[in-house]
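1. Need a 3D model of the sequence below.
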Amino acid sequence: MNIRIAALIFGILFLGTGLAWHIPLFFDNSGLMFGYFQVDPLHNKFNIGSGLLALAAAATSGWWCKLYFKLLGGVYVLLGILGFILSDQFMAMQINDSDSILHIVIGVVALLIGYRMQVRAGE
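-> Okay, here's the model as predicted:
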């Protein structure tokens, strides 16, 4: 897989998650997305912003995609760790343990992509 396609996939998934916030079908009776994830407007904006940056990187070059994945990975791992430490008080963003685990997984995958995937000439 090429790194620009990986960025496109991340962008679509993040935008989809951000837009799903507006669809009640994805929430249970306690207000958790898919029954696990606590979401609020700030969290939603963060997901949409991450998705738009991924799409912008995918539209430009492999170098920008590598930079995107390295930065995104670092931010998401940090967000996941701080989510466990600060509970739901991080930047007024509602975060539960499921969110923190997901953020760490997303961050590690992004770091692996950013540091391990090769950019071919012309990408």
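2. and the longest helix along the chain, what does it pack onto?
-> The longest helix of the chain (DSSP state H) is helix 62-86. On a contact count with 3 or more C-beta pairs under 8 Å, 6 or more residues apart in numbering; DSSP states H and E, helix 62-86 meets helix 3-20, helix 41-60, helix 97-116. C-beta: built from backbone N, CA, C; applies to glycine.
3. would you turn those into JSON lines with mean neighbour count and mean pLDDT?
-> Supplementary listing: the helices and strands packed on helix 62-86 in JSON lines, determined by neighbours: other C-beta atoms under 10 Å; pLDDT from 0 to 100:
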{"stretch": "helix 3-20", "mean neighbour count": "18", "mean pLDDT": "93"}
{"stretch": "helix 41-60", "mean neighbour count": "18", "mean pLDDT": "92"}
{"stretch": "helix 97-116", "mean neighbour count": "17", "mean pLDDT": "93"}
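4. Any chance of CSV for those helices, columns distance to residue 28?
-> Compiled in CSV, the helices and strands packed on helix 62-86 are given as follows (distance: least, C-beta to C-beta, whole Å):
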stretch, distance to residue 28
helix 3-20, 13
helix 41-60, 17
helix 97-116, 12
